[in-house]
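Engineer: okay, sequence plus prediction incoming.
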Amino acid sequence: MSPKALCCNVAWFAAQTAGFRRFRRALQDPGGTQLQVLHRILRANENSVFGRDHAFSGIKTVREYQERVPLSSYEDYLPALARIRAGEPNILTASPVRRLAVTSGSSSAVKLVPHTPSLQREFSAAIDPWVHDLFRSDPDLMAGPAFWSVTPALPPPDIESAVPIGFDEDTEYLGGFWKPLVDATLAVPGDVSRIRDTVECRRITLLHLLEARELRLISVWHPSFLTLLLEHMAEQWDNLLPLVRSFSRRSALRACGPRDLAAIWPKLKLITCWADGPATLAADSLRRIFPNVRVQPKGLLATEAFVSIPFAGARPLAVTSHFFEFLDAQDGPHLAEELSPGAEYSVVVTTGGGLYRYRLRDRVCVTGKLFRTPSLEFIGKEGGVADLFGEKLTDDFVAGVLRGVLARAGGFVKFAMLAPLFRGNSVHYTLFLETDQALPPGLAQEVEQGLRANPHYALCISLSQLRPARVECLLPGAFERYTNWRSRNGVRLGNIKPALLSSDPNLGALLRGSQPDIS
């Protein structure tokens, strides 16, 4: 047991009690809670430029809000963001913009999201019940430190701004008044992420983790971030051990070796990570690596908003944080209390950060209800479409096709992505795989058969616009090559979003290490 971590975790747990109770009560009345949240946001920002332009002061109902404020996308905010970067206050919100958070959305283009004290309070309204519920369901989690994803801080994009761009630490979204207390519970200090060199940041991270025998909880975004970190630990084991400060700990690690994870972290109880949609397979691999550790799927957390949180065995909508609407293919928008179990929706959010009726382009499925509040599962990005010739392949369709294919591939699939590959005048989709086993025969035919269930894809094949799909085995390190490429395009390593589909025709050359094994 770690007395320092226990003391700080217990204090943090106590501080979250009010938020936990507030959220649990709100689950009984999502409609009333959401109306209160909308009124709070409108009243707080009615004197901002945006609030005056859309007459916030006169809005009394959701219908009036929907009539006065149109659905929006990121591009709609570019003029306002230019004024915010120039230092003008009171543009989208009365609450000051403290930072512009960097995100890539569903593409590599840099997006800047206003981060305000009001938005931080909305994040805390989701984080408090989530973490409190974790500690409440398993108090032993409080007895040791936690590892919250630490990745090197990227240089801010080359954009002039009077407002600071980006966060220095991955854990800053925990933020708020209690951040110093939270920092005291970390196995890896947040300031490690200030190390710009990826190799050095990883080395320091691993050293802290190796010294954390009492580690209880790991929180990362994409599961492959953790598996990649563990691979580097095994590769650098002999170089890392002499740097472990405690002699007894060093001796214990030398005795167990780099592959006995249960011996390295015998108290580890929980790993929380993305586990839905395109991340499902990577989360399953993590469960095989840690067979005795519970893997908790995160809710839907975006830079712009918390959509759902893990709570009481479900993932209910974060009803106390932001105001939500949901779009479907038939009609809408729908409010939280109007969602149907089993139905799929696209998420629209209004936040204290100054995004109003903003289309996140995240698609969710309603898996049930917790009390009266819908529980949601992330399916994929609405904009995740590969459409070179009208084939209209989407993230969630491809994830469904590959789930069965990769299960038959067997072994530990470390990386999988479907992307178009150009060979002369012909184009075919290629499933790029890094796996620890030889591929079974007929895998490419199985991929092709699954893809042809999409009539648009089948038509492109029949018209010879596309050639049948192939499968290529990659040299080790494919995920690292991919993440390094994404990070060079402005995405922090730990925040790279899961994807099984890419429309980038240059990706194949990046992933290959030499002549591929093609089937």
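Structural biologist: That came through fine.
Engineer: how about the helices in the stretch 351-500 of the chain?
Structural biologist: For the stretch 351-500 of the chain, the helices defined by DSSP state H, counting those that start in this stretch cover 395-409, 443-451, 455-462, 478-488.
Engineer: any chance of JSON lines for these, columns mean neighbour count?
Structural biologist: C-beta here means a position set from N, CA and C on the backbone, and glycine is covered the same way. Listed next are these as JSON lines, based on neighbours: other Cβ atoms under 10 Å:
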{"stretch": "helix 395-409", "mean neighbour count": "19"}
{"stretch": "helix 443-451", "mean neighbour count": "19"}
{"stretch": "helix 455-462", "mean neighbour count": "16"}
{"stretch": "helix 478-488", "mean neighbour count": "18"}
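Engineer: adding distance to Gly353, write those helices out as a markdown table.
Structural biologist: Formatted as a markdown table, these follow (distance: least, Cβ to Cβ, whole Å):
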| stretch | distance to Gly353 |
| --- | --- |
| helix 395-409 | 26 |
| helix 443-451 | 39 |
| helix 455-462 | 37 |
| helix 478-488 | 24 |
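Engineer: can I get those helices in TSV including distance to Thr351 and mean pLDDT?
Structural biologist: Output for the helices of the stretch 351-500 of the chain, formatted as TSV (distance: least, Cβ to Cβ, whole Å; pLDDT from 0 to 100):
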stretch	distance to Thr351	mean pLDDT
helix 395-409	24	80
helix 443-451	37	92
helix 455-462	35	80
helix 478-488	25	76
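Engineer: closest to Val37 out of those?
Structural biologist: Proximity to Val37, assessed across these by Cβ to Cβ, is greatest for helix 395-409 (28.8 Å).
Engineer: tell me the helices and strands packed up against that closest one.
Structural biologist: If you count contacts as 3 or more Cβ pairs under 8 Å, 6 or more residues apart in numbering; DSSP states H and E, helix 395-409 packs onto helix 280-289, strand 373-381, strand 413-423, strand 426-435, helix 443-451.
Engineer: of all the ones you listed, which one is nearest Asp197?
Structural biologist: Asp197 lies closest to strand 413-423 among the helices and strands packed on helix 395-409, at 23.6 Å (Cβ to Cβ).
Engineer: for that closest one, what is the distance to the chain centroid?
Structural biologist: Offset of strand 413-423 from its chain centre (Cα atoms, centre = their mean, to the nearest Å): 21 Å.
Engineer: buried residues, it. List them.
Structural biologist: For strand 413-423, a neighbour-count test (16 or more other Cβ atoms under 10 Å) marks 413-421 as buried.
Engineer: tell me which of the residues you listed is nearest to Leu206?
Structural biologist: Once Cβ to Cβ is applied, the member of the buried residues of strand 413-423 that ends up nearest Leu206 is Lys414, at 18.5 Å.
Engineer: just for the chain, where's the confidence low?
Structural biologist: 104-110, 150-156, 168-178, 278, 383, 409-412, 424-425, 463, 488-498, 513-519 (pLDDT under 70).
Engineer: the domain parsing of the protein - what is it?
Structural biologist: As recorded under automatic domain parsing, the domains making up the chain are 3-11+119-297, 28-114+321-381, 385-518.
Engineer: redo those domains as JSON lines? Include distance to Ala18.
Structural biologist: Formatted as JSON lines, these follow (distance: least, Cβ to Cβ, whole Å):
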{"stretch": "domain 3-11+119-297", "distance to Ala18": "8"}
{"stretch": "domain 28-114+321-381", "distance to Ala18": "15"}
{"stretch": "domain 385-518", "distance to Ala18": "30"}
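Engineer: to Ala314, which of these lies closest?
Structural biologist: Closest approach to Ala314 among the domains of the chain (Cβ to Cβ): domain 28-114+321-381, 4.1 Å.
Engineer: which residue packs closest to Pro420, ignoring adjacent ones?
Structural biologist: Counting by Cβ to Cβ, 6 or more residues apart in numbering, Pro420 lies nearest to Pro505, which is 5.1 Å off, once chain neighbours are set aside.
Engineer: element containing that neighbour?
Structural biologist: Of the helices and strands defined by DSSP states H and E, none includes Pro505.
Engineer: can you offset everything so residue one is 34?
Structural biologist: From this message on, residue numbering opens at 34, which makes the last subject Pro538.
Engineer: could you count how many residues lie near it?
Structural biologist: Here the number of neighbours of Pro538 (other Cβ atoms under 10 Å) works out to 14.
Engineer: give the contact list for Arg392.
Structural biologist: Going by Cβ atoms under 8 Å, 6 or more residues apart in numbering, Arg392 touches 104-106, 360, 379-381, 415.
Engineer: now intersect these with the strands, please.
Structural biologist: Mapping the contacts of Arg392 onto strands (DSSP state E) picks out 360, 379-381.
Engineer: from those, which two are the most distant?
Structural biologist: Set against one another by Cβ to Cβ, these have their most distant pair in Leu360 and Val380, with a gap of 8.1 Å.
Engineer: between those two, which one's more packed in?
Structural biologist: Shown here are Leu360 and Val380; by other Cβ under 10 Å, Val380 has more neighbours (26 against 17).
Engineer: distance of that one from Ala338?
Structural biologist: Val380 sits 8 Å away from Ala338, going by Cβ to Cβ, to the nearest Å.
Engineer: what touches both of those two?
Structural biologist: Common neighbours of Val380 and Ala338, counting by Cβ under 8 Å, 6+ apart, are Leu393.
Engineer: give me the number of residues near Glu410?
Structural biologist: Glu410, neighbours per other Cβ under 10 Å, totals 20.
Engineer: quick one: residues contacting it.
Structural biologist: Counted by Cβ under 8 Å, 6+ apart, Glu410 has contacts 309, 348, 397-398, 400.
Engineer: let's see that with 6 Å instead.
Structural biologist: Glu410 is in contact with 309, 398, 400, counting by Cβ atoms under 6 Å, 6 or more residues apart in numbering.
Engineer: do the same with Asn42
Structural biologist: 175, 218.
Engineer: follow-up on the earlier one: as CSV, the helices and strands packed on helix 428-442 with distance to Leu263 would be great.
Structural biologist: Formatted as CSV, these follow (distance: least, Cβ to Cβ, whole Å):
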stretch, distance to Leu263
helix 313-322, 7
strand 406-414, 25
strand 446-456, 11
strand 459-468, 15
helix 476-484, 27
